[in-house]
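# Turn this into a structure:
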Amino acid sequence: MQFGPGLAATFLYYFTSAAVAISFVVARSTGLGIETGIPQQFGAVGGLVAGVIGVYFNRTAQVSLSVQGRKKWLNALDSALAQYGYQLTSTEDDLRIYERSGWSKWFSGRIFVQIEAQIGSQPEAQTKTAQITVASRAVTVRALKQILPEASPKPSDPKPSNPSEN
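Residues are numbered from 1 along each chain as shown. So this is what the prediction gives:
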C-alpha cells in the first residue's frame with residue numbers, strides 16, 4: 001500500500017513552490033524584470049535547495065516489523081506515541097491512523113500503522129505473528145525507530161544457537 005506522496009512528488013512540490021516565490025521576491029525587490037532571467041536563476045537555485053531539504057524531512061518513509069503478540073505490541077505503541085502527543089484517530093480494518101491534536105497536527109503529520117496478520121508455519125506452535133508497517137514523514141519515522149516497542153525477529157532471521165545444547 002502506498003502511503004503519501006513519493007520522493008519525486010515531494011521534491012517537485014518544494015522545488016516549484018520555492019522557485020516561484022523566490023523568483024517573484026527577487027524580481028520585485030531588485031527591480032529586475034522577468035525577461036532578464038536573473039530572478040529565475042535565483043529561483044532555480046533556491047528551489048533546488050528547498051526541494052532537497054523538503055525531501056529529507058517530509059517525504060513519506062516507512063519501516064516494516066514482524067511482531068509476536070499483536071495486541072500487546074499495539075498497546076505498547078499506543079502508550080509510546082501518547083508520550084509524544086499522538087492519539088489514535090481512526091481505525092479501518094487493518095489500518096490505524098494516529099495524529100496530534102490542536103495546531104501541532106498541521107506541522108507533524110499523521111502516522112499510519114498497517115497490520116497484516118500471519119500465522120506461524122509450525123502447526124503445533126500456532127504462533128501468531130503480524131507484519132506491521134509504520135509510515136509517516138521521514139523525520140518522524142527516524143524518531144519512531146528509536147521509540148518503537150521491540151519487535152520479534154523476522155521469520156527469515158536465523159535463531160541464535162546455544163553452544164551448550166550440542
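
# Can you give me the buried ones in whichever helix in the chain runs longest?
Across the chain, the longest stretch assigned as helix under DSSP state H is helix 7-30. By neighbour count with 16 or more other Cβ atoms under 10 Å, helix 7-30 contains the buried residues 10-11, 13-15, 18-19, 22-23, 26-27. The way it works is simple: take the backbone N, C-alpha and C, and place the C-beta from them, glycine included.

# Work out for me the element the most centrally placed residue in the chain sits within.
Central residue of the chain (Cα atoms, centre = their mean): residue 136, 2.4 Å from the mean position. Per DSSP states H and E: residue 136 is located in strand 128-137.

# Follow the chain on from that strand and name the next helix or strand.
According to DSSP H and E, the helix or strand after strand 128-137 is helix 138-147.

# average pLDDT for that following helix?
Mean pLDDT, helix 138-147: 86.

# and what of stretch 47-61?
Mean per-residue pLDDT for stretch 47-61: 93.

# what's that stretch in contact with?
With contact meaning Cβ atoms under 8 Å, 6 or more residues apart in numbering, stretch 47-61 is reached by 3-7, 10-19, 22, 109, 135-139, 141-142.

# Which stretches in this structure count as strands?
Using DSSP state E, the strands of the chain run over 60-68, 86-92, 95-100, 111-119, 128-137.

# about what we covered before: contacting residues for the residue nearest to the centre of the chain?
With Cβ under 8 Å, 6+ apart, residue 136 has these contacts: 3, 60-62, 109-112, 144.

# and residue 113, how many neighbours?
20 (other Cβ atoms under 10 Å).

# Nearest spatial neighbour of it, chain-adjacent residues omitted?
Spatial nearest neighbour of residue 113, excluding adjacent residues (Cβ to Cβ, 6 or more residues apart in numbering): residue 96 at 4.4 Å.

# Could you tell me how many residues sit around residue 50?
Residue 50 has 20 neighbours, counted by other Cβ under 10 Å.

# Roughly how far does it sit from residue 142?
20 Å (Cβ to Cβ, to the nearest Å).

# is residue 136 in a bridge, and if so with what?
residue 61 (DSSP bridges).

# Could you break the protein into its assigned domains?
For the chain, automatic domain parsing gives the domain ranges 7-57, 61-147.

# ok so, going back, ok, and the most crowded of the contacts of residue 136?
residue 111 (24 neighbours).
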